[in-house]
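Sequence below, structure please.
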Amino acid sequence: MTTSENHLSKFINSSLWILFLANISYLIVKSNEIDWSISGIFRVNSFTILIWTVVSFFSALINSYSQTYLQGFKFHARFTRLTLGFTISVMLFVASDNIGLFILCWFAMGYFMAKLIGADKDWAEAQEASKFSFRYFGLGTLFLALGILILAYNCRCFSLSEITAGLGTLSSRILLVSACLIILAAIIQSAIYPFHRWLLSAMTAPTPASALMHAGFVNAAGILLTLFSTLFFATGTLTILFVIGGITAIIAQFTKLLQVTVKQKLACSTIAQMGFMIMQCGLGFFNAAVVHLILHGFYKAYLFLSSGENIEASAPEKPAFLHIKPLQAIAVVVMGLLGALLFAALTGKGTSVNSSIFLTLIVAITVGQATYNIVKQKTMKAFQKLFLPIVLFFSGIVSYALIYNGVTKVMKGMPNVEVPSSLSFLQISFGVAFLLCFFIMKLGVYRKVPFVYVMLLNVSQPFKKTILMFNKKSI
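Predicted structure coming up:
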C-alpha cells in the first residue's frame, strides 16, 4: 500500500470512529426527540440512529483491526474503500424512505459485500465465491424490488411510509404476494435454508471482511423485516417466518457440530443465529430480533477477529464422548430454569401464556448450554463449578434484559414492535422439537444414524469452486 493510500485508510478509519461517537452521543441525548423526514426521500428516527451507531462501531472496529492484520496485503486499500462503501450503503438503507433509494441501497450492500468476499483479486477461489454470492444477492434484490413495486403500483405512492399507511386499502392477495417476496429477500441475505450455501462459500474473504459480513450484513434482514412488520401482521405471514427460522436454527446447530475448520463452524453458527432471529420476528417480537442482531454482531465479530487464536498447530484430538453425571444434569436443568425465571422477572416476558414463552425458552436453553460447558470442565474445582455459573449468568441475563428494555424504548415509536400472539399447536410442537434436539445434540445420537449424519454433512458443504481446487489446483 502506498503512502497516500495508507493516509487515506487512516483517515477513513478515524472518520468512522468519529461517526460512531456522534451517533451514540446523539442517541443518548435525543433518543426520544428524533423524528425527521426529508421530502419522502429520507426518514430518520431513534431506530435509524440506533442502527447507525451499531454499524459505524463495527466498521470502525474492523477497520482498526485491519490496519495491522492486513498490513502488507496487496489489496488493503481496496478493502478499506469497500468497507466504507458498505457502511454508507447500510446507513442510507436504514434511512431511506423513497423506494428507489431503498432498493438501490439493498443492492449496494450486496455488491460491496460480494467485492469484500473477493477482495483478493489474485485468488481464483475468492473470485468464484464473490460471483457465487453476488448471484444470491442479486436474486434477493430482485425479490425485494418486485415485492415493494407491487405495493407501490397499487398504492400509487413511492415512499415506504406512505405504502405502510396505505396497506389497508389493498387486497389480501396483493399483500400476500408482496409479503412472500420480501420474506424471500430477507432469508436469502440471512443465509436461511435453502439459501445458506453462499455464506458457507464466503470463507475466502479476509478475516476482517468475514467479521463485517457476520456482524453487519446477514443481520440486515432483521432490519428489513422490522420495517415491514405491518405487512406481515396484515397478511398473517408471521407463521412462515417462525417455521423457516425454526427449521434453519435446528439444522444449522447440528451441522455446526460436523465442521472441522474454525470459519465453517462460525458460519454454521451464524446461520443458526439468523434462524433464531427470524423466529423471533415470527413470534411478533421484532424488538427481540433487533436485540439479537446487535448482540450477535458483537459476539460474532469477536469470534472472527480472534479466530487465529483458536487454531492450534497440533495433532487432531480424539472427540470426547459425553458422560454427564446426574448431578451435572440437575445443575444444567436448574440453572436453565433459574435463568428463564430471572429473564421473565426483568422483562415481563414469559409470564403470560403466549408466544413470549419462547423468548424465555431460548434463554433457558442458552443458560443450560453454558452451564454444561462449565460443569464438564475437569480443570475446575467443585466450588468454581458451583459459583461461576451463578455469577456469570446473573450478570449476563441482567445485562441482556437491560439491553432488551433499552432497545424496546428506542423502538417504541414504530408499529408492531412487540405483539405477542396466542400459543398455537405449531409453536408448541416447535418448542418440544427444540428441547428434544438440544438433548440429541448433547448426547450425540445423530452420529449413530448414518443417513442423518451424511445428509447433514452434505447440506453444509460450500460451492465446489470455492474450496481451494479451482482449475484443479489444490493446497
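
State the distance from the residue nearest to the spatial centre of the chain to S424.
Nearest to the centroid of the C-alpha atoms of the chain, with distances taken as C-alpha atoms, centre = their mean, sits N219, at 3.7 Å. From N219 across to S424, the span is 27 Å (C-beta to C-beta, to the nearest Å). Quick note: C-beta positions are derived from backbone N, CA and C, even for glycine.

Where do the strands of the chain begin and end?
Secondary structure of the chain (DSSP state E): strands at 35-38, 42-45.

next one: the last one to chain centre, how far?
For strand 42-45, the distance between its averaged C-alpha position and the chain's averaged C-alpha position is 23 Å (C-alpha atoms, centre = their mean, to the nearest Å).

That one - what's its average pLDDT?
Over the span of strand 42-45, the pLDDT mean works out to 88.

outside of that strand, which residues touch it?
Taking C-beta atoms under 8 Å, 6 or more residues apart in numbering as the criterion, the residues outside strand 42-45 that touch it are 34-37, 95-98, 160-161, 413-414.

redo that, cut-off 10 Å
Contacts to strand 42-45, defined as C-beta atoms under 10 Å, 6 or more residues apart in numbering, come from residues 31, 33-38, 48, 52, 92, 94-98, 101, 159-161, 410-411, 413-414.

repeat for the first one
With contact meaning C-beta under 10 Å, 6+ apart, strand 35-38 is reached by 42-46, 48, 95, 97-98, 159, 161, 413.

of all those residues, which comes closest to A119?
The nearest member of these to A119, counting by C-beta to C-beta, is A95 at 26.8 Å.

Look up how far I38 lies from that closest one.
If you measure A95 against I38 using C-beta to C-beta, the figure is 9 Å.

Those two: who's more crowded?
Set A95 next to I38 and count neighbours by other C-beta atoms under 10 Å: A95 wins out with 21 against 11.

rewinding a little: quick one: contacts for the residue nearest to the centre of the chain?
Contact partners of N219, counting by C-beta under 10 Å, 6+ apart, are 51, 54-55, 58, 90, 189-190, 213, 270, 273-274, 277, 289-290, 292-294, 296-297, 300.

how does the chain divide up, domain by domain?
The record assigns the chain these domain ranges, following automatic domain parsing: 3-307+459-472, 326-443.

and among those, the most buried is which?
The highest mean neighbour count among those, using mean count of other C-beta atoms under 10 Å, belongs to domain 3-307+459-472: a mean of 20.

Please name the nearest non-neighbouring residue to A108.
The shortest distance from A108 to any non-neighbouring residue, by C-beta to C-beta, 6 or more residues apart in numbering, is to S89 (3.8 Å).

That neighbour and W106 touch, don't they?
Yes - here S89 lies in contact with W106, judged by C-beta atoms under 10 Å, at a distance of 8.4 Å.

Next, show the common contact partners of these two.
Counting by C-beta under 10 Å, 6+ apart, the common neighbours of S89 and W106 are A220.

that older thread, now render the domains of the chain as a markdown table, adding distance to P450.
Listed next are these as a markdown table, based on distance: least, C-beta to C-beta, whole Å:
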| stretch | distance to P450 |
| --- | --- |
| domain 3-307+459-472 | 13 |
| domain 326-443 | 15 |
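
Can you tell me which of those domains has the worst average pLDDT?
Ranked by mean pLDDT, the domains of the chain end with domain 326-443 at the bottom, a mean of 77.

circling back to that earlier point, out of the domains of the chain, nearest to F451?
Ranking the domains of the chain by distance to F451, with C-beta to C-beta as the measure, places domain 3-307+459-472 first at 12.5 Å.

Mind putting the strands of the chain into CSV with distance to T371?
As requested, the strands of the chain are exported to CSV (distance: least, C-beta to C-beta, whole Å):
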stretch, distance to T371
strand 35-38, 44
strand 42-45, 39
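
Tell me which of those strands lies nearest to H196.
Proximity of the strands of the chain to H196 was assessed by C-beta to C-beta; the nearest stretch is strand 42-45, lying at 32.3 Å.

ok, L456 touching M441?
No - under the contact definition of C-beta under 10 Å, L456 does not touch M441, with a separation of 11.2 Å.

Find residues that contact each of those two.
254, 256-257.

nearest to N405, of these?
Nearest member of the shared contacts of L456 and M441 to N405, counting by C-beta to C-beta, is K256, at 30.5 Å.

contacting residues for the closest one?
K256 makes contact with 264-272, 441, 456, 460 under the criterion C-beta under 10 Å, 6+ apart.

Quick check: chain neighbours aside, which residue is closest to I34?
Residue nearest to I34 in three dimensions, not counting chain neighbours: S46, with 4.6 Å by C-beta to C-beta, 6+ apart.

likewise I467?
Using C-beta to C-beta, 6+ apart and skipping the chain neighbours, the partner closest in space to I467 is E125 (7.1 Å).

For the one you found, give its distance to S4.
Here E125 is placed at a distance of 31 Å from S4 (C-beta to C-beta).

can you check R43 too?
The value you get for R43 to S4, if C-beta to C-beta is used, is 38 Å.

Torsion angles phi and psi at K412?
For K412, the backbone dihedrals (degrees, to the nearest 10) come out as phi -60, psi -20.

Tell me the spacing between T169 and C157.
When T169 is compared with C157 (using C-beta to C-beta), they lie 10 Å apart.

report the longest helix in the chain, please.
Criterion DSSP state H: the longest helix present in the chain is helix 124-155.

Who are the packing partners of it?
In terms of contact count using 3 or more C-beta pairs under 10 Å, 6 or more residues apart in numbering; DSSP states H and E, helix 124-155 is assigned the packing partners helix 99-117, helix 160-165, helix 172-189, helix 197-200, helix 220-227.

Just put those in TSV and tack on distance to L21.
Formatted as TSV, the entries for these read as follows, by distance: least, C-beta to C-beta, whole Å:
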stretch	distance to L21
helix 99-117	23
helix 160-165	29
helix 172-189	28
helix 197-200	31
helix 220-227	22
